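Visitor: Just the structure for this:
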Amino acid sequence: MMKKAFKMSALALVVGLAGTFATPVLAQSSAAVVCPGYEKGKTKLVGERAGKKVQRAFEAYNEDKVQEALDILYDIDASDDFDKAYVGRFIGNLLASDEKKSDEALRYLTDAVDTKILNDTEHAQTLQLVANLNLREENYAEAIEWYNKWMDFTCKEDPDVYVRMAQSYFETKELDKVIEPANRAIELYEEPNKNPYVLKLQSYYQRKMYPETVEVAEKLVNTFPENPTWWTQLAVFYMLVENYDDALATMEIAYNAGYLEKESQFKNLAQLYSTNGIPYKAAVTLEKHLESGDIKKDEAMMRNIANSYHQAKNYDIAANYYGKAGELSSDPEDFQKQGTLLLVAEDYKGAVKALNNALDRGAEEEGKINFSLMEAHFYQGNYKEAWKYNQLAKKESSMRRNALAWEPYIKEKAKNRNIDI
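Guide: Model prediction:
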């Protein structure tokens, strides 16, 4: 259940990739951040012959004529290495917008960036675009390689890049390597972002490092308290480390805030009440959500509620729910439990009815049931019936000693009332 409850779609955690596939402008928009000691070369421009066609392609693109722009670019026979790289980058950017053409886009972009001849900004942007495309195509190892190339060239840190690297490590099952980039992303985000936390959570959880999982889940709750998911998951993780007090406290906060919606969540809360020695609250919680339709009405749930009320020593209510379970299941054991509890609750007439229902349905413990019927009739003053069931109980070896002990008592009471048994 746990594993299923917390299984996540890998790529769903990576957000904002779509915006990275933009086409290039004709000139550099800003200076790239490059490592100290890097000697920046002169800004290069596309040659005049190729530049005219590039301008036409750019105009076609601005008019949403992508295929026309591509046809113009494909027709360019660039002899200059920079022109060739620039045009290839332009083609790759246009192709990148079409997921069906990612492989072709990667070929153009990789060729363009491998020569290291593009201007700094263009080179940096293309490195990251190649990484993003590989991630989109689920080439996770390659994505990590290209993100590292981008960081090596720019000496720049970007929390989104770290999240994508962490995601790539997660997808390649290198779960231990998820933590470092996820932590760095958390440090760099100006506004808290849930994605690196979730990646850390999954990394620890899948490696069965439950104390560390709890620690991350606590940070998620503290950082994003308005998200119901983190509260309920934190409670489950507390249960994994057998911290039932904190699990209950967390689930109660979520419950009072209206965060619990699923049947399993209400059942978990009730289970925590029972585990923490509060069976009455377990019973009333299940009862409330049974009546509201949040929990399915079946014999198993009726028995669950009955058991909780039984533990809370509310014998009459517990008996009622065992009876409801029996009506749904026709299981003699349910009626036997109902009768036994009604006997404890001193509802002797009800006990007789329930115990006879158990016998009529083929109960296995006839001796015990006959003994209970003896008691129920005795306390109603039905001494003849009490004697009858005493004799039946006596035939069962396991009940013989107890039945024999009751014989003189029943005889004396009957004699005192002039009843011939």
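Visitor: what's the pLDDT at residue 394?
Guide: We have a pLDDT of 95 for residue 394.
Visitor: Nearest residue to it in space, ignoring adjacent ones along the chain?
Guide: Of all residues beyond its chain neighbours, the one nearest residue 394 is residue 403 (3.9 Å), with distances taken as Cβ to Cβ, 6 or more residues apart in numbering. To be clear about C-beta, it is placed using only N, CA and C from the backbone, and glycine gets the same treatment.
Visitor: isn't that neighbour right up against residue 387?
Guide: No. With contact defined as Cβ atoms under 8 Å, residue 403 does not reach residue 387; the gap is 10.4 Å.
Visitor: returning to what we had before: would you mind measuring from the residue nearest to residue 394 to residue 291?
Guide: Remark: distance between residue 403 and residue 291 (Cβ to Cβ, to the nearest Å) = 42 Å.
Visitor: returning to what we had before: how about the contacts made by the residue nearest to residue 394?
Guide: Residues counted as contacts of residue 403 (Cβ atoms under 8 Å, 6 or more residues apart in numbering) are 371, 374, 390, 391, 393, 394.
Visitor: State the pair within those residues that is farthest apart.
Guide: 371 and 391 (11.0 Å; Cβ to Cβ).
Visitor: Neighbour count for the two, which is higher?
Guide: residue 371 (23 against 15; other Cβ atoms under 10 Å).
Visitor: So that one sits against residue 402, correct?
Guide: Yes. With contact defined as Cβ under 8 Å, residue 371 counts as touching residue 402 (6.4 Å).
Visitor: joint contacts of the two?
Guide: Common contact partners of residue 371 and residue 402 (Cβ under 8 Å, 6+ apart): residue 393.
Visitor: As CSV, the contacts of residue 403 with distance to residue 334 and secondary structure would be great.
Guide: CSV is the format used below for those (distance: Cβ to Cβ, whole Å; DSSP: H, G, I helix; E, B strand; the rest coil):
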residue, distance to residue 334, secondary structure
371, 19, helix
374, 21, helix
390, 25, helix
391, 27, helix
393, 21, helix
394, 26, helix
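Visitor: Which one of those is nearest to residue 347?
Guide: Of all the contacts of residue 403, residue 347 sits closest to residue 374, with 16.2 Å by Cβ to Cβ.
Visitor: residue boundaries of the strands in the stretch 301-421 of the chain?
Guide: Secondary structure of the stretch 301-421 of the chain (DSSP state E, counting those that start in this stretch): no strands located.
Visitor: returning to what we had before: relative to residue 121, which of the contacts of residue 403 is nearest.
Guide: Ranked by distance to residue 121 (Cβ to Cβ), those are led by residue 371 at 91.2 Å.
Visitor: residues near the closest residue to the closest one other than its chain neighbours, how many?
Guide: Closest residue to residue 371 apart from its sequence neighbours, by Cβ to Cβ, 6+ apart: residue 393 at 4.1 Å. A count of nearby residues for residue 393, using other Cβ under 10 Å, gives 25.
Visitor: isn't residue 393 right next to residue 399, touching?
Guide: Yes. Between residue 393 and residue 399 there is a contact under Cβ under 8 Å: 4.5 Å.
Visitor: what about residue 43, which helix or strand?
Guide: Using DSSP states H and E, residue 43 is not contained in any helix or strand.
Visitor: Give me the pLDDT for it.
Guide: The model's pLDDT for residue 43 equals 74.
Visitor: what about it, neighbour count?
Guide: Residue 43, neighbours per other Cβ under 10 Å, totals 11.
Visitor: now swap in residue 383 and tell me
Guide: Residue 383 has 22 neighbours, counted by other Cβ under 10 Å.
Visitor: Setting aside sequence neighbours, what's the nearest residue to it?
Guide: residue 414 (4.0 Å).
Visitor: Distance check, that neighbour against residue 408.
Guide: Separation of residue 414 from residue 408 (Cβ to Cβ): 11 Å.
Visitor: picking that back up, now the common contact residues for residue 403 and residue 387.
Guide: residue 374.
Visitor: Who has more neighbours out of residue 414 and residue 408?
Guide: residue 414 (18 against 9).
Visitor: Tell me the gap between the helix ranked longest in the chain and the middle of its chain.
Guide: If you go by DSSP state H, the chain has its longest helix at helix 397-416. A distance of 59 Å separates the centroid of the chain from that of helix 397-416, by Cα atoms, centre = their mean, to the nearest Å.
Visitor: And for stretch 178-194?
Guide: 21 Å.
Visitor: again with stretch 145-153
Guide: Centroid displacement of stretch 145-153 relative to its chain, using Cα atoms, centre = their mean, is 33 Å.
Visitor: in it, what's buried?
Guide: By neighbour count on 16 or more other Cβ atoms under 10 Å, the buried set for stretch 145-153 is 146, 147, 149, 150, 151, 153.
Visitor: And stretch 238-250, by the same measure?
Guide: Buried residues in stretch 238-250 (16+ other Cβ under 10 Å): 238, 239, 243, 244, 246, 247, 248, 250.
Visitor: Nothing else from me, thank you.
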